[in-house]
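Novice: When you get a sec, could you give me coordinates for this:
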Amino acid sequence: MGTLNMYPYTETLMPTQDTTRRLSRQTITQDTTSLHGLQTIINYTTTRADATEEKLQVAYQKMLTLQQVENEKLALYRAATDAARLAEWEFHNAVLAMKEVVRGQYGSDSDQAQAVGFKKKSDRKRPSRKKSVAMAS
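Specialist: Next comes the predicted model:
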């Protein structure tokens, strides 16, 4: 026979929160609406330190401030990404221009052209005709 449970009403634990993922915009909007609703309650009191109106206001202001910082840094990141992308294209176009100059100055079958990445014409394999396969009818 099983053991007798002396405490049938045990405390249920809340599931652990995965704070590595972002909350959805909908959840944050609902939380903000709840905070604004709390401000209409005149006689709200609690013994929980993390649920006081002051603590909620501090947490809300901290969230807004850090979201603003995040948005500013994202804008800087996007600007840096755009600048790097443009610099990459500028470098690539300069290399293409240099290759054209080398090919024009030294010829497409030169060692200099090979040094900058071209394949010598004399090293290319000539196309060969494929033998046609006779089809049996």
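
Novice: any idea how far the lengthiest helix in the chain is from the chain center?
Specialist: The longest helix of the chain (DSSP state H) is helix 53-106. The chain centre lies 12 Å from the centre of helix 53-106; the measure is Cα atoms, centre = their mean, to the nearest Å.

Novice: so what secondary structure elements neighbour it?
Specialist: Counting contacts by 3 or more Cβ pairs under 8 Å, 6 or more residues apart in numbering; DSSP states H and E, helix 53-106 packs against helix 25-38, helix 111-115. All C-beta atoms are positioned from the backbone trio N, CA, C, and that covers glycine.

Novice: closest one to R78 among those helices?
Specialist: helix 25-38 (19.7 Å; Cβ to Cβ).

Novice: just the angle between that closest one and helix 53-106, please?
Specialist: Angle of helix 25-38 versus helix 53-106, following axes from the mean of the first three to the mean of the last three Cα atoms, to 10 degrees, is 150 degrees.

Novice: Remind me what helix 25-38 packs against, helices and strands.
Specialist: helix 53-106.

Novice: deepest of the helices and strands packed on helix 53-106, which one?
Specialist: The highest mean neighbour count among those, using mean count of other Cβ atoms under 10 Å, belongs to helix 111-115: a mean of 13.
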